[in-house]
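# No sequence on hand, only this structure:
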């Protein structure tokens, strides 16, 4: 089992940057495939990015490619999401998710992940 706690969300102006963090409990963090999703009011949960167990493989949604960077530190049990050039449409609750072994690649469906954090609110103002 792994427990996930996100932090770093806040109100920021369009064009600004934020770094989200997801801290994981337990000593098996490196055995989990990690991802970030987001959910805006009235919309489905949307895939943002994922990173493989060692960090060697990364995949982004087209909507964030070139602006967001996912990374992980297995020694600290943390996965990050660096968000640059933020847009108003990036406003959402951002969730961290973990899976031992997603059934396929890219792993963009929420159903492929077994563990979720509580989310952190990101609001981008114009």
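Arrived safely, thanks for sending. Note that the coordinates shown come from a computational prediction; the quantities given were computed from them, not determined experimentally. Numbers count the residues shown, from 1 in each chain.
# what about residue 29, neighbour count?
For residue 29, the count of nearby residues is 22 (other C-beta atoms under 10 Å). To be clear about C-beta, it is placed using only N, CA and C from the backbone, and glycine gets the same treatment.
# who are the neighbours in contact with the residue nearest to it when sequence neighbours are not counted?
In space, and not counting its chain neighbours, residue 29 is closest to residue 77: 4.2 Å by C-beta to C-beta, 6 or more residues apart in numbering. For residue 77, the contacting residues are 23-26, 29, by C-beta atoms under 8 Å, 6 or more residues apart in numbering.
# same check, this time on residue 113
Residues in contact with residue 113 (C-beta under 8 Å, 6+ apart) are 35, 97-99, 102, 107.
# between the residues you listed, which is closest to residue 17?
Minimum distance to residue 17 across the contacts of residue 113 is 20.5 Å, recorded for residue 35 (C-beta to C-beta).
# Surely that closest one forms part of a strand?
Yes - counting by DSSP: H, G, I helix; E, B strand; the rest coil, residue 35 is part of a strand.
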